[in-house]
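Asker: Below: sequence and its predicted model.
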Amino acid sequence: MNPQIKDDSTTPPSQVPHLFSDTTNIDSKVTSAVLHRHTSFIPKKAVGGKGSYLFLDDGSKFLDSTGGAAVSCLGHGNEKVNQAITDQLRKVSYCHTAFFGTDVSEELARFLVDSTDGKFSKVYVVSSGSEAVEAALKLSRQYFLELPTPQPQRTRFIARKSSYHGITLGALGAGGHVLRRQPFEPLLSVNTSHVSPCYAYRGKKDDEPDADYVKRLADELDAEFQRVGPGTVCAFIAETVVGAALGCVPAVPGYFPAMKSVCEKYGALFILDEVMSGMGRCGTLHAWEQEGIVPDLQTIGKALGGGYAPVSGLLISDKIVQAIDKGTGSFRHGQTYQGHPVSCAAALAVQKVIKEEGLLENVRNMGRYLETRLKETLGGHPYVGDIRGRGLFWGIEFVKDKATKEPFCTDDAVALHIQETGLKPENGISLYASPGTADGIRGDHVILAPPYNVTKEEIDIIVERTGKVVKEVFAQLGQGFR
């Protein structure tokens with residue numbers, strides 16, 4: 001195969017594959033005014049959706065087992081959410097937050113603050129995960145300027161390798177995703193450095209206890225504070241469960257308390273990025289609830305509004321709010337569509353459905369079932385190295401050699417090939433693929449992230465089709481089953 005790398009939220013557009021013949025329109029007579037993910041191909045059109053399924057313009061039915069990019073937490077066509085959006089449109093569709101507020105933005109903020117049991121006191125609502133991360137970075141810096149004794153020397157951030165925090169320049173600079181950063185390195189800020197992620201499958205030594213692994217990572221973070229100057233760091237930022245960059249990698253027990261302890265030692269803030277892993281995706285509304293810590297700032301997105309409207313947010317601890325309030329009183333950051341009424345209505349409706357229908361329990365129950373079925377079906381596959389995740393957020397990593405964990409050559413484009421094979425009409429399933437799992441360039445994984453109201457029967461279909469696709473792809477690659 002030719003070198004091919006998937007073009008999605010983690011892959012450079014210039015390295016898009018050419019495997020789309022069965023899933024996109026390649027008729028040279030058909031043109032589009034849209035700048036699609038690749039200029040040579042026009043994707044098939046989605047014309048409808050209900051529950052876990054999307055309906056395409058060619059009449060095919062598609063099982064959306066990834067919710068797009070772990071977005072569609074309620075599936076498609078939820079009538080309660082659609083009605084809430086329609087009702088808000090009849091009231092007011094837009095007003096600028098410099099002049100006016102709305103009931104729905106206040107209600108959403110109160111819901112989110114209350115969901116943390118008072119551990120956060122304010123919410124800042126924007127439209128995308130990248131915007132939420134930008135806001136978190138800027139607010140971190142401003143916090144230190146607003147203290148009674150300002151600390152203007154704090155201009156740096158520490159993040160993790162193989163992380164993905166968004167695609168705008170600030171968020172991209174914070175992330176450590178090699179492929180996404182490459183074309184724009186000359187434009188990125190040099191004030192962020194990166195330490196190792198908590199990636200037990202590849203980072204933890206053989207027979208190394210969790211406590212020793214955690215200590216090693218904490219020592220590395222401590223050393224990085226010392227290297228750059230401990231008083232110069234605004235914050236450490238990490239994904240609670242790593243999403244697209246590594247494929248649903250949770251931390252080992254004790255990791256996040258240890259990282260927060262290092263931050264507190266040097267007076268830096270602790271930011272958790274839960275744009276992909278939060279708002280119920282991992283089985284609790286906030287993924288940090290399972291870690292025994294609370295961050296100073298938390299970004300949320302995707303499952304916040306479930307794809308019904310563009311919406312994301314930043315949850316802010318009271319110590320930061322108080323510093324701003326006693327200082328200038330103003331966050332020097334603003335966007336035209338922040339707190340958009342329709343987006344707030346969509347997010348509030350989605351969160352109410354999750355709560356009223358007890359869907360977090362279903363996430364936990366169906367998540368355990370999905371884990372069991374995946375490991376039964378693919379755990380013994382010779383080219384499946386690891387199956388990991390939490391709740392309804394699961395990743396499958398593929399390796400050339402299970403013993404050595406050697407990744408496939410990038411020319412094989414294994415994960416991408418699996419994704420595209422899944423999209424064939426006879427398979428009709430989404431398998432969210434990303435490259436660079438092992439070292440930022442090599443390595444392959446796919447993600448499964450079905451809706452929170454997924455049924456046991458649908459899980460069985462997802463696993464059956466996933467297994468079929470994996471078998472088909474390795475047969476095509478000449479690998480096959482042993």
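Answerer: All right, it came through fine. Numbers count the residues shown, from 1 in each chain.

Asker: Check which element follows the one helix or strand residue 109 maps to along the chain.
Answerer: For residue 109, the host element (DSSP states H and E) is helix 103-115. Downstream of helix 103-115, the first helix or strand assigned by DSSP H and E is strand 122-126.

Asker: ok, residues contacting that following strand?
Answerer: With contacts defined as CB atoms under 8 Å, 6 or more residues apart in numbering, strand 122-126 is touched by 105, 108-109, 112-113, 132, 135, 139, 311-316, 318, 321, 331, 335, 337-340, 343-344, 347. Glycine gets a C-beta too; all of them are placed from N, C-alpha and C.

Asker: Quick check: phi and psi at residue 346.
Answerer: Dihedral angles of residue 346 (phi, psi; degrees, to the nearest 10) stand at phi -60, psi -50.

Asker: surely residue 92 meets residue 341?
Answerer: Yes. Under the criterion of CB atoms under 8 Å, residue 92 makes contact with residue 341 at 5.6 Å.

Asker: How about the residue nearest the centre of the chain: what's its closest non-neighbour residue?
Answerer: Central residue check for the chain by CA atoms, centre = their mean: the C-alpha nearest the mean position is that of residue 276, 2.6 Å away. Of all residues not flanking residue 276 in the chain, residue 243 sits nearest, at 3.5 Å (CB to CB, 6 or more residues apart in numbering).

Asker: mind checking how far residue 356 is from residue 349?
Answerer: Separation of residue 356 from residue 349 (CB to CB, to the nearest Å): 10 Å.

Asker: try residue 199
Answerer: Relative to residue 349, residue 199 is positioned 36 Å away (CB to CB).

Asker: Against residue 214, how distant is the residue nearest to residue 276?
Answerer: For residue 243, the distance to residue 214 (CB to CB) stands at 21 Å.

Asker: Please apply the same query to residue 306.
Answerer: In terms of CB to CB, residue 306 sits 34 Å off from residue 214.

Asker: And these two? Which one has more around it.
Answerer: residue 306 (29 against 22; other CB atoms under 10 Å).

Asker: Next up, the contacts around the more buried one.
Answerer: Per CB under 8 Å, 6+ apart, neighbours of residue 306: 71-74, 78, 81, 346, 350.

Asker: So what does it have for phi and psi?
Answerer: phi 60, psi 20.

Asker: quick one: it from residue 368, how far?
Answerer: According to CB to CB, residue 306 and residue 368 sit 22 Å apart.

Asker: What segments of the stretch 51-200 of the chain are helices?
Answerer: Under the criterion DSSP state H, counting those that start in this stretch, helices of the stretch 51-200 of the chain are mapped to 67-70, 79-91, 103-115, 129-146, 169-174, 178-181, 200-203.

Asker: what do residue 92 and residue 341 both touch?
Answerer: residue 102.

Asker: okay, those two: which has more neighbours?
Answerer: residue 341 (24 against 13).

Asker: doesn't residue 108 make contact with the more buried one?
Answerer: No. Checked against CB under 8 Å, the pair residue 341 and residue 108 is beyond contact range at 9.8 Å.

Asker: burial count for the closest residue to residue 191 other than its chain neighbours?
Answerer: Spatially, and ignoring its direct neighbours in sequence, residue 191 is nearest to residue 156 (4.9 Å; CB to CB, 6+ apart). By other CB under 10 Å, the residues close to residue 156 number 22.

Asker: Just to check, residue 156 is in contact with residue 230?
Answerer: No. Counting by CB under 8 Å, residue 230 is not a contact partner of residue 156; they are 10.0 Å apart.

Asker: Overlap in contacts, the two.
Answerer: Going by CB under 8 Å, 6+ apart, no residue sits against residue 156 while also sitting against residue 230.

Asker: Show residues contacting the helix holding residue 109.
Answerer: Residues outside helix 103-115 that contact it (CB under 8 Å, 6+ apart): 88, 97, 120-123, 125, 285-286, 300, 313, 315, 339, 341, 344-345, 347-348, 351-352.

Asker: Mind doing that once more with 7 Å?
Answerer: Outside helix 103-115, the residues that touch it by CB atoms under 7 Å, 6 or more residues apart in numbering are 88, 120-121, 123, 125, 285, 313, 315, 339, 341, 344-345, 347-348, 351.

Asker: List the buried residues of it.
Answerer: The neighbour-count check on helix 103-115 (16 or more other CB atoms under 10 Å) flags 104-105, 108-109, 112-113, 115 as buried.

Asker: Then stretch 159-174?
Answerer: Using 16+ other CB under 10 Å as the test for burial, stretch 159-174 gives 159-167, 170-174.

Asker: Now do residue 160, the pLDDT please.
Answerer: Listed pLDDT for residue 160 reads 98.

Asker: ok, for it, nearest residue in space, not its chain neighbours?
Answerer: In space, and not counting its chain neighbours, residue 160 is closest to residue 197: 4.4 Å by CB to CB, 6+ apart.

Asker: So the one you found sits against residue 161, correct?
Answerer: Yes. Counting by CB atoms under 7 Å, residue 161 is a contact partner of residue 197 at 5.9 Å.

Asker: what's around the closest residue to residue 121 other than its chain neighbours, how many residues?
Answerer: Nearest non-adjacent residue to residue 121, counting by CB to CB, 6+ apart: residue 318, 4.0 Å away. Number of residues near residue 318 (other CB under 10 Å) recorded here: 15.
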